[in-house]
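Colleague: Here you go, sequence then predicted model.
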Amino acid sequence: MKQSFSFYRLVHFIEIAMVTSLLLIALILLHPHEIIGNRPCLSFVTTCGCQADERGPNQNVISFSLFGNLSDPSLSVRYVQPLKALTANISRVYPDWIVRIYHNFSKESGGDWLLREMLDSPANVDLCDSDDVLRLNQIQRNVFPMIWRFLPLLDPLVDRFMSRDTDAELISRETDAVREWLTSNATFHAMRDHPWHCNIEMLGGLWGAKVQQRRDDIHRAITKLFHRRMPFFHGVDQLLLKFYVWPLAVKDSVIHDSHCCELFPSARPFPSRRQGSSLFVGSVYSNQSVPSPGTCPQKCRPERHPDWTEC
């Protein structure tokens with residue numbers, strides 16, 4: 001009787017071990033980048049995931065929000081394919097920076113794995129499940145998706161941060177401006193390169209921060225931003241920046257501005273001239289609906305280059 005009981009206990013133990021192994025294999029197949037060693041990723045330090053944890057401290061992060069339905073062809077054409085080209089350019093232009101993509105594509109359906117495949121599995125990209133990040137940071141889940149990309153500002157392992165749009169082109173005019181900011185003492189950076197930018201203090205996809213210089217101030221401001229009730233409409237991310245980040249940035253920033261310098265006297269010209277009449281910082285891939293920025297005002301041109309009509 002005792003032998004029979006021991007035998008059934010052994011069989012039961014083997015069954016449990018087999019089921020556990022099968023579950024782990026399924027987990028690896030569905031989202032292999034959420035496995036650390038032989039353990040599934042259940043919690044993490046960063047505001048991204050276990051893969052971001054593995055990169056350690058002092059991270060430089062360029063952050064994006066991507067949401068919708070991956071099975072929708074228009075999402076791929078308008079956002080995923082431009083983002084694929086953008087991440088490739090970032091790895092070349094910003095080799096010391098990591099791309100974080102905050103998304104809502106379910107792990108259970110393999111959405112994050114599919115997104116990584118669509119992006120050709122670049123080594124400089126970390127995919128961040130917004131639901132997981134918001135839950136672990138005790139933030140309401142119904143926040144406006146465009147502000148997911150601000151989550152690195154709450155990350156203790158991130159030192160420098162830039163927020164960008166998934167469908168925007170990366171041009172040398174932008175990287176020249178970023179380089180000028182990074183070599184300055186200023187904490188924040190903002191860019192305005194079109195007359196349509198003149199009613200906005202900080203555009204959601206054209207700003208950055210050296211988080212390590214004012215980590216506590218930034219953490220307090222962004223925590224308040226994420227915990228307030230917010231409406232869902234285009235541009236609400238910029239409205240939130242106006243109320244929560246701009247007060248910190250207004251006297252501690254490098255602001256490059258080609259058209260609105262009279263409205264924002266602390267702004268400075270871009271260090272390099274615009275190449276092409278319709279190409280500006282923040283311009284969208286294959287978007288013909290936005291008019292050319294046109295001639296920039298005389299006062300917004302560099303002192304050494306008053307002839308730069310497309311400044």
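Modeller: Arrived safely, thanks for sending.

Colleague: Flag the shaky bits of the stretch 51-200 of the chain, pLDDT-wise.
Modeller: The stretch 51-200 of the chain contains residues with pLDDT under 70 at 107-109.

Colleague: Now do the strands in it.
Modeller: 59-66, 98-103, 125-129, 158-164, 188-192 (DSSP state E, counting those that start in this stretch).

Colleague: And the first one, what does it pack against?
Modeller: Read that as strand 59-66. The helices and strands touching strand 59-66, judged by 3 or more CB pairs under 8 Å, 6 or more residues apart in numbering; DSSP states H and E, are helix 81-93, strand 98-103, strand 158-164. Glycine gets a C-beta too; all of them are placed from N, C-alpha and C.

Colleague: again, 10 Å this time
Modeller: On a contact count with 3 or more CB pairs under 10 Å, 6 or more residues apart in numbering; DSSP states H and E, strand 59-66 meets helix 81-93, strand 98-103, strand 125-129, strand 158-164, strand 206-210.

Colleague: any chance of those in CSV, plus mean neighbour count?
Modeller: As requested, the helices and strands packed on strand 59-66 are exported to CSV (neighbours: other CB atoms under 10 Å):
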stretch, mean neighbour count
helix 81-93, 17
strand 98-103, 24
strand 125-129, 24
strand 158-164, 23
strand 206-210, 25
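
Colleague: Can you say which of these is nearest to D217?
Modeller: Of all those, strand 206-210 sits nearest to D217, with 10.1 Å by CB to CB.

Colleague: That closest one - which strands sit beside it in the sheet, and in what orientation?
Modeller: strand 158-164 (antiparallel), strand 188-192 (antiparallel) (DSSP bridges).

Colleague: can you redo those as a markdown table with distance to K299?
Modeller: Formatted as a markdown table, those follow (distance: least, CB to CB, whole Å):
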| stretch | distance to K299 |
| --- | --- |
| strand 158-164 | 27 |
| strand 188-192 | 14 |
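
Colleague: picking up where we left off before, reformat the strands of the stretch 51-200 of the chain as CSV; add distance to H219.
Modeller: CSV is the format used below for the strands of the stretch 51-200 of the chain (distance: least, CB to CB, whole Å):
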stretch, distance to H219
strand 59-66, 15
strand 98-103, 17
strand 125-129, 18
strand 158-164, 11
strand 188-192, 15
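
Colleague: wait, which of the ones you listed is closest to W148?
Modeller: strand 98-103 (3.6 Å).

Colleague: other SSEs contacting that closest one?
Modeller: On a contact count with 3+ CB pairs under 10 Å, 6+ apart, strand 98-103 meets helix 50-54, strand 59-66, helix 81-93, helix 111-118, strand 125-129, helix 130-136, strand 158-164.

Colleague: For these, give me JSON lines that also has distance to C261.
Modeller: Shown next, in JSON lines, are the helices and strands packed on strand 98-103 (distance: least, CB to CB, whole Å):
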{"stretch": "helix 50-54", "distance to C261": "38"}
{"stretch": "strand 59-66", "distance to C261": "26"}
{"stretch": "helix 81-93", "distance to C261": "26"}
{"stretch": "helix 111-118", "distance to C261": "40"}
{"stretch": "strand 125-129", "distance to C261": "36"}
{"stretch": "helix 130-136", "distance to C261": "36"}
{"stretch": "strand 158-164", "distance to C261": "22"}
